[in-house]
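Trainee: Sequence and computational prediction follow.
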Amino acid sequence: MVAYDPNNIFGKILRGELPCHKVYEDDKALAFLDIMPRAPGHTLVLPKSPARNMLDVSSDDLAHVMSVAQKVAKAAMKTFGADGITIQQFNESAGGQVVFHLHVHVIPRKTGEALKPPASAKEKPEVLAEHAKKLAAALA
Ligand code: AMP
């Protein structure tokens with residue numbers, strides 16, 4: 001198992017060195033919008049602890065991240081008028097992971113609408129800001 005590298009992009013966001021469109025934060029987790037959403041409202045939920053992925057995170061931190069993902073999923077159903085939610089979580093390159101700080105994808109879905117391909121297009125910052133504001137309000 002490769003050791004956690006604090007210079008990953010989500011580590012920088014967690015330390016406030018890079019910006020994000022935050023939707024939720026508590027003492028153990030942070031949630032913000034994916035900048036290349038596969039559907040409107042696509043959110044990432046991270047533990048604040050330095051975990052590379054599901055293979056090294058503590059079970060307590062993983063449980064907390066999943067409980068935040070559930071809160072985000074429920075709020076996103078209302079905020080984005082979703083019919084369902086897709087949860088994704090990737091581990092190591094072979095498992096599809098690109099950023100090596102554990103994160104859970106929460107993706108609102110509408111009936112009959114396919115997901116955009118991964119990392120296909122950056123959403124406009126003003127759209128992300130508006131979505132983050134609405135979702136954060138639903139989570140407050
Ligand atoms: P994966 O590691 O495969 O789960 O993919 C990383 C995800 O992070 C992709 O969905 C990217 O669109 C997303 N992403 C990459 N950089 C940023 C960033 N600075 N802020 C928000 N999301 C990001």
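Mentor: Yep, that arrived. Values in this document were obtained by computation on a predicted structure and should not be read as measured data. Residues are numbered from 1 along each chain as shown.
Trainee: Would you map the helices across this structure?
Mentor: Remark: helices assigned in the chain by DSSP state H are 9-14, 59-79, 125-139.
Trainee: of all these, which lies closest to the ligand?
Mentor: helix 9-14 (5.2 Å; CB to the nearest ligand atom). C-beta here means a position set from N, CA and C on the backbone, and glycine is covered the same way.
Trainee: Report whether that closest one contacts the ligand.
Mentor: Yes: Helix 9-14 reaches the ligand (CB under 6 Å from any ligand atom) through Ile9.
Trainee: list the helices and strands that helix packs on?
Mentor: strand 29-33, strand 43-47 (3 or more CB pairs under 8 Å, 6 or more residues apart in numbering; DSSP states H and E).
Trainee: got the residues of this structure near the ligand?
Mentor: Proximity of the chain to the ligand, by CB under 6 Å from any ligand atom, involves residues 9, 20, 34-36, 44, 90, 96-99, 103, 118-119.
Trainee: of all the residues you listed, which comes closest to Arg52?
Mentor: Gln97 (8.5 Å; CB to CB).
Trainee: Can you name the residues that contact the closest one?
Mentor: Contacts for Gln97 (CB atoms under 8 Å, 6 or more residues apart in numbering) come out as 53, 90-91.
Trainee: who touches stretch 30-37?
Mentor: Contacts with stretch 30-37, where a contact means CB under 8 Å, 6+ apart, come from 13-14, 20-25, 41-46, 48, 68, 72, 105-107, 116, 118-123, 128, 131-132, 135.
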